[in-house]
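Novice: requesting a structural model of the entry that follows:
(4 chains)
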Number of protein chains: 2
Amino acid sequence: MKPKITLKDIAKELDVSISTVSKALKNSKEISKDTKDRIKAFAKFYNYRPNNIALSLKNKRTKNIGVVIPDIVHHFFTTVFRGIEMYANQMGYNVIVCISDESFDKEVINMEMLANGSIDGFILSLSAETQRKNDFTHLKELLDQGIPIVLFDRVTEEIACDKVILNDKVISTEAVEHFITAGANKIALVTTENFFNVSESRKEGYLQALKDNGMTVNQDLILTLPHSLDNTNLITEFFQQNEIDAVLCVNEIFAVQCMSVIQQLGYNVPNDISIIGFTDGILSKYSSPKLTTVAQHGEKMGEKAAKFLIDRMESLEMEEAPFKTEIINATLIKRGSTIN
Amino acid sequence: MKPKITLKDIAKELDVSISTVSKALKNSKEISKDTKDRIKAFAKFYNYRPNNIALSLKNKRTKNIGVVIPDIVHHFFTTVFRGIEMYANQMGYNVIVCISDESFDKEVINMEMLANGSIDGFILSLSAETQRKNDFTHLKELLDQGIPIVLFDRVTEEIACDKVILNDKVISTEAVEHFITAGANKIALVTTENFFNVSESRKEGYLQALKDNGMTVNQDLILTLPHSLDNTNLITEFFQQNEIDAVLCVNEIFAVQCMSVIQQLGYNVPNDISIIGFTDGILSKYSSPKLTTVAQHGEKMGEKAAKFLIDRMESLEMEEAPFKTEIINATLIKRGSTIN
DNA sequence: AAAAGTTACGAAAACGGTTTCGTGTTAATA
DNA sequence: TATTAACACGAAACCGTTTTCGTAACTTTT
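Specialist: Below is the predicted model of the structure:
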């Protein structure tokens, strides 16, 4: 056991004052070369490292950033997180993660805990419940206290802060048009029932594409699935009762489930029915055929969010820069589940 | 902007001393009821919360735990992390994550950063490079400094600390025996080339099962794949050149890749060739047929690791409790890729 | 009425740093 | 030789808490 050494320890041992030690280690020219050398050698020998907590207290900044996400066992959030972590780390910041588990209360509690000094700023994606309740007082209070926040993906207009989002609507339109170009005209949408702005945007994009191409919307071709259950039966019914030649799914799980059902029903993907999903995760990459999918570039999103946050935190006090919203351009990765 | 309020602010405003405020808020009976009420009301009104950093400095404990994992975009680590986060959170701890990205240097740097006061203890799974180099001085130093460490999954015997591992060997044997019971006798293994102790154990279990059942080992039936590339060709060759009726894969990606190749070659899963993988992630759940797989119970592992760490940290000073190794029992989840 | 005990609070040290401001010794200048 | 400047260092404040200890001002006991 050789416990961490402090400035005080060095000072006592070398019979100088704490201030001298501190200055010497910072190479202050106030201190003579001799003394500096002695102190540095000693510090090196005992592997002295300043205590982060003491520094945080003194500097009133922790170099920690708080990340609050609804779920971590989810490819998209995972990649965003990785982007955040990489950029933050590179800039000398550490990342404290809290999982809201889609719960409003957890989101609030976690953020309040961290806000009492543990972090300098937040990056978060709203929990489902928070979006449903439309209650953002916790975020407003933190902003009031001068704690910067960056929202990503699941954002809200109620909060004025930096945001990073995906061009969900545009890419959905593009996806549907990819179907249309290939000759499809009975295009279905499989989406979630939740009040997620992202699902909404994707639906809008879908509708937009139909409209732009003079196609009529058939509500029967829009399947809204409940959250996290086995939806096989619903999906099977859906494909049995409707004539469909292409389907856009708002996530890769739905996409792969649809593909499974479709193949089970004896149809060929992509010849009889084409499929496009969202999220370029392992499901899309290892299915057969491989799924055409919307790559959300989570890492890029995370990196951008971290950059927004760190920029704002480091432009200390002149916090008057206007809030920005960065739109990450999703891209359609064309693979085997679509024609062309 | 209403910045955070401190004890000093309250003291000044109410014209009492800082100590009085502190004691009043802790309900000390040294303080008269009148004063306590005044102070509490004021504090409540201004939403006073003690500063975590100051507390950390005073108490010499941060209530943060550091988690260092090789990768986050990986189902198993993700679930372990979730288990850690849940338990830690529940016990009032926050979690700081660093991703070593399988790099020795990153592992070392990150841990040293965090060790200077930011965290009270570590939970980690060794990076591939660390395992290859067999260099654990960074861990030894931290232990020397009195910082507790819990290793999980990718562990080493070189370090004396609490550990949480999977019964990889036993479950592999069990998996192979599941094949044998169903009548297989040309059983293959698809594994990684890395020096992971887990892959080693799984191989041992495979060999053990063959031996126990009086079967001879055919080295041709053991395919060692390089890390993270497209292995389709290697796998295809493997199944073309060998007669195989069952294959155990050390992860679910290999399993699903094998399944894809097998089906492509015109064989039926599970009738012609059965498959068992490791990791019960989405790939296993959404493939068709669904994969029989080894569930590693990552959450449980994470929870146990967090419990080990917190127990040790909170049994302050009487750190003489012997180190324990918890073996998490993996379970075989039987699904459509095997008979029976 | 003196001694002892309560009550209610404040001063100060401590945690581990950084930084401003003195100050005693020399060295350079007038 | 007296004055000033440069040098090299220390004292102390500060960040926001907790906690020990001291002490006025009462109250109670004898």
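Novice: and the helices in the stretch 51-200 of chain A, which stretches?
Specialist: A:52-59, A:75-90, A:104-115, A:128-133, A:137-144, A:168-181, A:197-212 (DSSP state H, counting those that start in this stretch).
Novice: residues making contact with the shortest one?
Specialist: Looking back up the chat, that one is helix A:128-133. For helix A:128-133, the external contacting residues (CB atoms under 8 Å, 6 or more residues apart in numbering or on different chains) are A:70, A:100, A:102-104, A:107, A:136, A:154, A:156, A:194-197, A:227. C-beta: built from backbone N, CA, C; applies to glycine.
Novice: got the residues of the stretch 1-150 of chain A near chain B?
Specialist: Within the stretch 1-150 of chain A, the positions lying close to chain B (CB under 8 Å from any CB of the partner chain) are A:1-4, A:49-54, A:56-57, A:62, A:64, A:72-73, A:75, A:78-79, A:81-82, A:85-86, A:89, A:94-99, A:110, A:112-114, A:116-118, A:144-146.
Novice: before we move on, back to that, ok, which of the helices of the stretch 51-200 of chain A comes nearest DNA strand C?
Specialist: Ranking the helices of the stretch 51-200 of chain A by proximity to DNA strand C (CB to the nearest atom of the strand) places helix A:52-59 first, at 3.4 Å.
Novice: need the contact list for the residue in the stretch 151-300 of chain A that DNA strand D sits nearest to.
Specialist: Taking CB to the nearest atom of the strand, DNA strand D has its nearest neighbour within the stretch 151-300 of chain A at residue A:161, 23.6 Å off. Listed by CB under 8 Å, 6+ apart, the contact partners of residue A:161 are A:139, A:143, A:148-151, A:323.
Novice: need the pLDDT of it.
Specialist: Predicted confidence (pLDDT) for residue A:161: 97.
Novice: for the one 5 residues further on, same thing?
Specialist: For residue A:166, the pLDDT comes out at 96.
Novice: do residue A:73 as well
Specialist: 93.
Novice: for it, which non-adjacent residue is spatially closest?
Specialist: The shortest distance from residue A:73 to any non-neighbouring residue, by CB to CB, 6 or more residues apart in numbering or on different chains, is to residue B:78 (4.9 Å).
Novice: pretty sure the one you found contacts residue B:71?
Specialist: No: counting by CB atoms under 8 Å, residue B:71 is not a contact partner of residue B:78; they are 9.0 Å apart.
Novice: so these two - more neighbours on which side?
Specialist: Legend: neighbour count by other CB atoms under 10 Å in any protein chain shown for residue B:78 and residue B:71, higher for residue B:78 (25 against 17).
Novice: all strands for chain A, in order.
Specialist: Taking DSSP state E, the strands of chain A run over residues A:64-69, A:94-99, A:121-124, A:149-152, A:162-166, A:187-192, A:222-225, A:246-249, A:274-278, A:292-295, A:325-328, A:331-333.
Novice: quick one: closest of the ones you listed to DNA strand C.
Specialist: Going by CB to the nearest atom of the strand, the one of the strands of chain A nearest DNA strand C is strand A:64-69, 16.6 Å.
Novice: by contact count, what packs against the closest one?
Specialist: helix A:75-90, strand A:94-99, helix A:104-115, strand A:121-124, helix A:298-314 (3 or more CB pairs under 8 Å, 6 or more residues apart in numbering or on different chains; DSSP states H and E).
Novice: and these, which is most packed in?
Specialist: strand A:121-124 (a mean of 26; mean count of other CB atoms under 10 Å in any protein chain shown).
Novice: so which residues make contact with that one?
Specialist: If you take CB under 8 Å, 6+ apart as the criterion, strand A:121-124 is touched by A:65-69, A:84, A:100, A:107, A:111, A:114, A:142, A:147-152, A:302, A:305-306, A:309-310, A:312-313.
Novice: if we go to 7 Å?
Specialist: Residues from elsewhere that reach strand A:121-124 (CB atoms under 7 Å, 6 or more residues apart in numbering or on different chains): A:65-69, A:84, A:111, A:142, A:147-152, A:305-306, A:309, A:313.
Novice: now the helices and strands packed on strand A:64-69 in TSV, with distance to DNA strand D?
Specialist: Compiled in TSV, those are given as follows (distance: least, CB to the nearest atom of the strand, whole Å):
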stretch	distance to DNA strand D
helix A:75-90	24
strand A:94-99	19
helix A:104-115	12
strand A:121-124	17
helix A:298-314	17
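Novice: output those as a markdown table; include the columns distance to residue B:38.
Specialist: Listed next are these as a markdown table, based on distance: least, CB to CB, whole Å:
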| stretch | distance to residue B:38 |
| --- | --- |
| helix A:75-90 | 43 |
| strand A:94-99 | 35 |
| helix A:104-115 | 25 |
| strand A:121-124 | 34 |
| helix A:298-314 | 36 |
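Novice: okay, which residue is most central for chain A?
Specialist: residue A:80 (3.9 Å; CA atoms, centre = their mean).
Novice: do stretch A:34-54 and DNA strand C meet at all?
Specialist: Yes: interface with DNA strand C: stretch A:34-54 contributes A:48-51, A:53-54 (CB under 7 Å from any atom of the strand).
Novice: residue A:306 contacts residue A:84, doesn't it?
Specialist: Yes: the pair residue A:306 / residue A:84 is scored as a contact, 4.6 Å apart, by CB atoms under 7 Å.
Novice: ok, the residue nearest to residue A:73 touching residue A:72?
Specialist: Yes: here residue B:78 reaches residue A:72: they are 5.5 Å apart, a contact under CB under 7 Å.
Novice: which residues do these two both contact?
Specialist: residue A:78.
Novice: so where's the stretch 201-340 of chain A uncertain?
Specialist: A:228-229, A:316-319 (pLDDT under 70).
Novice: give me every residue in it lying close to DNA strand D.
Specialist: Counting by CB under 7 Å from any atom of the strand, no residue of the stretch 201-340 of chain A is near DNA strand D.
Novice: skipping its backbone neighbours, what lies nearest residue A:75 in space?
Specialist: residue A:281 is the one closest to residue A:75 (CB to CB, 6+ apart), at 3.5 Å.
Novice: distance of the nearest residue to residue A:162 once chain neighbours are set aside relative to residue A:156?
Specialist: The spatial neighbour of residue A:162 that comes closest, neighbours along the chain excluded (CB to CB, 6+ apart), is residue A:308 at 4.1 Å. Residue A:308 sits at a distance of 16 Å from residue A:156 (criterion: CB to CB, to the nearest Å).
Novice: care to break chain A down by domain?
Specialist: Domain assignment for chain A by automatic domain parsing gives A:7-50, A:63-166+A:298-329, A:168-295.
Novice: for residue B:262, find the nearest of the ones you listed.
Specialist: Closest approach to residue B:262 among those (CB to CB): domain A:168-295, 10.7 Å.
Novice: kindly check the end-to-end length of the closest one for me.
Specialist: 11 Å (CA to CA, to the nearest Å).
Novice: which residues touch residue A:205?
Specialist: Per CB under 7 Å, 6+ apart, neighbours of residue A:205: A:168-173.
Novice: identify the residue nearest it in space, chain neighbours excluded?
Specialist: residue A:172 (2.7 Å).
Novice: what is the neighbour count of that neighbour?
Specialist: Counted with other CB under 10 Å, the neighbours of residue A:172 add up to 27.
Novice: surely the residue nearest to the centre of chain A touches residue A:152?
Specialist: Yes: the criterion here is CB under 7 Å, and residue A:80 meets it with residue A:152 at 6.4 Å.
Novice: between those two, what contacts are shared?
Specialist: Shared contacts of residue A:80 and residue A:152, counting by CB under 7 Å, 6+ apart, come down to residue A:301.
Novice: and the closest residue to residue A:307 other than its chain neighbours, how far from residue A:65?
Specialist: Nearest residue to residue A:307, sequence neighbours excluded (CB to CB, 6+ apart): residue A:87, at 6.1 Å. Using CB to CB, residue A:87 is found at 10 Å from residue A:65.
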